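Undergrad: The following comprises the amino acid sequence and a computationally predicted model.
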Amino acid sequence: MALTPLVYWAQRHDDIYLRVELTDAQNIKVHLHEKVLHFKAQGHGAKGQNEYEFSLEFLLPVKAEVSHRSTQRQVNITLRKEQRGWWERLTLQDRKPLFVVPDFDRWLDESDAEMEIREKEDKKKGLKTSKHEEKGFVSPKRGLLFVYNLVQFLCFSWIFVNMTVRLLIFGRDSLYDTFYTISDVMFFCQILAAVEVLNAAFGFVRAGVTSTLIQVVGRNFILFIIVGSVEEMHHQPVVFFVFYLWSAIEIFRYPFYMLGCFNTEWKTLTWLRYTIWIPLYPLGVLAEAVAVIQSIPIFDKTKLFSIPLPKAVGPSVSFSYVLYVYLVLMLLGLFINFRHLYKQRTRRFRTKKRKAN
């Protein structure tokens, strides 16, 4: 009796990808009848060396041409959708067959798949402009992006080195005067970071507007409202940790973007750019949350930014209530941005992993 192999699936707007977990497959038979795909082969699967087969009735019609390629470890099947679009599931039946699971090596949400399409279009545009660049011409857009990233890299490098040297020389005392020695440069960097939102909005860079906006607005809120507007916060040690963690991330991010302006990659820097944030980003959010919590009693005492109310209702609403809501939004923003960054990392290294297989 034939057994059923494990089948991984993923999709794009035009294609369906199936990966059959079958080692050293032989006598492979793949054919499509209307919306039903039939597969049969001999190979080494979950139940050892046997004959394996399965049938799948797709949610929507696919084109008759089916391509498959067998490797030592698996059988890859590609089908073309009859109509371009995004399927809510693979099969016609609501309940997915137990032997079908998502292929997380290739899996993308619809929005990420659209971003992948834009990346391919950008690459085509890059090929068209490469002839001019080989002759020594650099587009104004790339030149401006390079200058922006260079300025940010130099500023954050100065912050990181300055804070490191002061910590080594003055020890714990350096934690209490971070704002007075670093804030001017940090103010400049974070105001300038608004350019990143505009770059994403106008399509100058391949970045999500929502995730970029969350990061820029979040940092500026911490810097200008929580720390900058309250004098009592200026000497708090938490300011050191917020600034240090921010700069530790950016000294790898901006040089990566600088090289990207000229389609150049340094593998070590690429790995650091897509990996260093995993511990540093949550720690940065934690430091920001501590700063918010420490500022709440100060805003209650000073009544700064309190919201006035009609006399019949009451005197005013303390700004601390806004901060309590902001703490919840910070957790939501952490989840959204972490998920976005992790998808970026997965997408970046997915190609190399697929080649290794």
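TA: Perfect, I can see it now.
Undergrad: rest of the way, CA atoms for contacts and neighbours
TA: Will do.
Undergrad: Can you get me a residue count around the nearest residue to P297 once chain neighbours are set aside?
TA: The shortest distance from P297 to any non-neighbouring residue, by Cα to Cα, 6 or more residues apart in numbering, is to S320 (7.7 Å). Residue neighbour count, defined by other Cα atoms under 10 Å, stands at 21 for S320.
Undergrad: Quick check, S320 in contact with F299.
TA: Yes: counting by Cα atoms under 8 Å, S320 touches F299, with 6.2 Å between them.
Undergrad: What segments of the stretch 101-250 of the chain are helices?
TA: 110-134, 140-170, 178-192, 194-201, 209-220, 237-260 (DSSP state H, counting those that start in this stretch).
Undergrad: Just the pLDDT at I249, thanks.
TA: Listed pLDDT for I249 reads 95.
Undergrad: hang on, isn't it packed against I276?
TA: Yes: taking Cα under 8 Å as the definition, I249 is a contact partner of I276 at 6.9 Å.
Undergrad: Which one of the two is surrounded by more residues?
TA: Per other Cα under 10 Å, whichever of I249 and I276 has more neighbours is I249, with 21 against 14.
Undergrad: mind listing what that one touches?
TA: Contacts for I249 (Cα atoms under 8 Å, 6 or more residues apart in numbering) come out as 273, 276-277, 280-281.
Undergrad: List the residues that contact the residue nearest to P297.
TA: 296-297, 299-300.
Undergrad: taking these one by one, which sit in helices?
TA: 296-297, 299-300 (DSSP state H).
Undergrad: Only whichever of these are buried, select them in PyMOL.
TA: Here is the PyMOL command that selects the buried residues among the ones in helices among the contacts of S320 (16 or more other Cα atoms under 10 Å):
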select buried, resi 296+299+300
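Undergrad: Serialize the ones in helices among the contacts of S320 to a markdown table and add fields for distance to S174 and pLDDT.
TA: A markdown table is the format used below for the ones in helices among the contacts of S320 (distance: Cα to Cα, whole Å; pLDDT from 0 to 100):
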| residue | distance to S174 | pLDDT |
| --- | --- | --- |
| I296 | 24 | 94 |
| P297 | 24 | 94 |
| F299 | 25 | 92 |
| D300 | 28 | 90 |
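Undergrad: from the ones in helices among the contacts of S320, which is closest to Y326?
TA: I296 (11.4 Å; Cα to Cα).
Undergrad: Can you tell me, leaving aside adjacent residues, what's nearest to that closest one?
TA: Here the residue nearest I296, using Cα to Cα, 6+ apart, is S320, at 5.3 Å.
Undergrad: swap in G228?
TA: Among residues not flanking G228 along the chain, H234 sits closest, at 7.2 Å (Cα to Cα, 6+ apart).
Undergrad: biggest helix in the protein by residues?
TA: Longest helix in the chain by number of residues, with DSSP H as the criterion: helix 320-356.
Undergrad: avg pLDDT for it?
TA: According to the model, helix 320-356 has a mean pLDDT of 80.
Undergrad: roughly how far is that helix from the heart of the chain?
TA: Once both centres are worked out by Cα atoms, centre = their mean, to the nearest Å, helix 320-356 turns out to sit 6 Å from its chain's centre.
Undergrad: orientation of that helix relative to helix 209-220 in degrees?
TA: In terms of direction (axes from the mean of the first three to the mean of the last three Cα atoms, to 10 degrees), helix 320-356 departs from helix 209-220 by 130 degrees.
Undergrad: Backbone torsions only: list them for P61.
TA: The phi and psi torsions at P61 (degrees, to the nearest 10) take the values phi -60, psi 150.
Undergrad: most tightly surrounded among the helices of the stretch 101-250 of the chain?
TA: With neighbours defined as mean count of other Cα atoms under 10 Å, those peak in mean count at helix 237-260, which reaches a mean of 21.
Undergrad: The helix or strand just after that one: how far from the chain's middle?
TA: If you walk from helix 237-260 toward the C-terminus, the next helix or strand you reach (DSSP states H and E) is helix 267-273. Between the mean C-alpha point of helix 267-273 and the mean C-alpha point of its chain there is a distance of 15 Å (Cα atoms, centre = their mean).
Undergrad: just stretch 173-187 next, same as before
TA: Distance of stretch 173-187 from its chain centroid, counting by Cα atoms, centre = their mean, is 30 Å.
Undergrad: So for it, mean pLDDT?
TA: Looking at stretch 173-187 alone, the average pLDDT works out to 94.
Undergrad: can you list contacts of it?
TA: Outside stretch 173-187, the residues that touch it by Cα under 8 Å, 6+ apart are 155-156, 159, 163, 166-167, 223, 234-240, 243.
Undergrad: Surely S318 and I307 touch.
TA: Yes: in this structure S318 lies within contact range of I307 using Cα under 8 Å: 6.5 Å.
Undergrad: Same drill for those two, tell me which one is more crowded.
TA: Under the criterion of other Cα under 10 Å, the comparison of S318 against I307 puts S318 first, with 19 against 12.
Undergrad: any idea how far that one is from A207?
TA: The span separating S318 from A207 equals 36 Å under the rule Cα to Cα, to the nearest Å.
Undergrad: Okay, now the unreliable bits of the stretch 201-350 of the chain?
TA: For the stretch 201-350 of the chain, the stretches with pLDDT under 70 are 312-314, 350.
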